[in-house]
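Chemist: pasted the sequence and its predicted model underneath.
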Amino acid sequence: MACWLFKSEPSTWSFQQQLDAGEKGTFWNGVRNHLAKKHMMAMKVGEKGFFYHSNEDKAIVGVVEVIKPYYPDHTDESGKFGMVDIRAVKPLQNKVPLARIKAEPRLSEMVLVNNSRLSVQPVSDAEWRVVLELAGEAEQDHN
DNA sequence: GCCAACGTTGGC
DNA sequence: GCCAACGTTGGC
């Protein structure tokens, strides 16, 4: 099961807003990058992702789940890009700041560290577990 | 607020 | 099809 990371500026779309959106979730629109698109196309319903706040917070703050696979983004006039729907699963007990991630040798290969501008990123299973550990979360059930 | 890194655009 | 110029992003 693949894991992901969704990056957003909290002033544009915060994890709190994602939580408020509830079980039915929201679409993740506005992606205009081909690599990010490719990652979204690879997502399957039920896969988990981290929610990262860029700029103001600079921390992983929560866990989300893909609830609808890739479909066209009607807000994209060019028709080239699409989006997925996600819902909030839970906030992390302790949010994991970027500085903590950079200080962790096991996370030195994370895309967040090496290509922080990419808005949708893949996360390896090992990285997923390390971040949860840093967040003070018990081991997730991965089905 | 600055600037480095990256993606995109457009002239040739 | 190359590459310089430009705009945007995001960490600091």
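Modeler: In hand now; what should we look at? Numbering: from 1, shown residues only, chains lettered A, B, ... in the order given.
Chemist: let me see the contact set for the spatially closest residue to residue A:37 that is not a sequence neighbour.
Modeler: Nearest residue to residue A:37 in three dimensions, chain neighbours excluded: residue A:81, at 5.6 Å (CB to CB, 6 or more residues apart in numbering). Heads up, the C-betas are built off the backbone N, CA and C, glycines and all. The contact partners of residue A:81, by CB atoms under 8 Å, 6 or more residues apart in numbering, come to A:31-32, A:37, A:72-73.
Chemist: and those, which two are the farthest apart?
Modeler: Greatest spacing in these, by CB to CB: A:32 and A:72 (13.3 Å).
Chemist: roughly how far apart are residue A:128 and DNA strand B?
Modeler: Per CB to the nearest atom of the strand, to the nearest Å, residue A:128 is found 23 Å from DNA strand B.
Chemist: in chain A, which spans are strands?
Modeler: For chain A, applying DSSP state E gives strands covering A:3-8, A:26-28, A:48-53, A:59-72, A:82-97, A:120-123.
Chemist: ok, residue A:2 - contacts?
Modeler: So residue A:2 contacts A:42-44, A:47, A:122 (CB under 8 Å, 6+ apart).
Chemist: try 7 Å this time
Modeler: A:42, A:47, A:122 (CB atoms under 7 Å, 6 or more residues apart in numbering).
Chemist: could the residues you listed go into JSON lines alongside neighbour count, distance to residue A:93 and pLDDT?
Modeler: Converted to JSON lines, those look like this (neighbours: other CB atoms under 10 Å; distance: CB to CB, whole Å; pLDDT from 0 to 100):
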{"residue": "A:42", "neighbour count": "14", "distance to residue A:93": "29", "pLDDT": "96"}
{"residue": "A:47", "neighbour count": "18", "distance to residue A:93": "22", "pLDDT": "97"}
{"residue": "A:122", "neighbour count": "18", "distance to residue A:93": "24", "pLDDT": "96"}
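Chemist: just name the closest of these to residue A:5, please.
Modeler: Closest to residue A:5 out of the contacts of residue A:2 is residue A:122 (7.6 Å), distances taken as CB to CB.
Chemist: wait, doesn't that closest one sit right on residue A:38?
Modeler: No. Contact criterion CB atoms under 7 Å: residue A:122 and residue A:38 do not qualify, at 9.7 Å.
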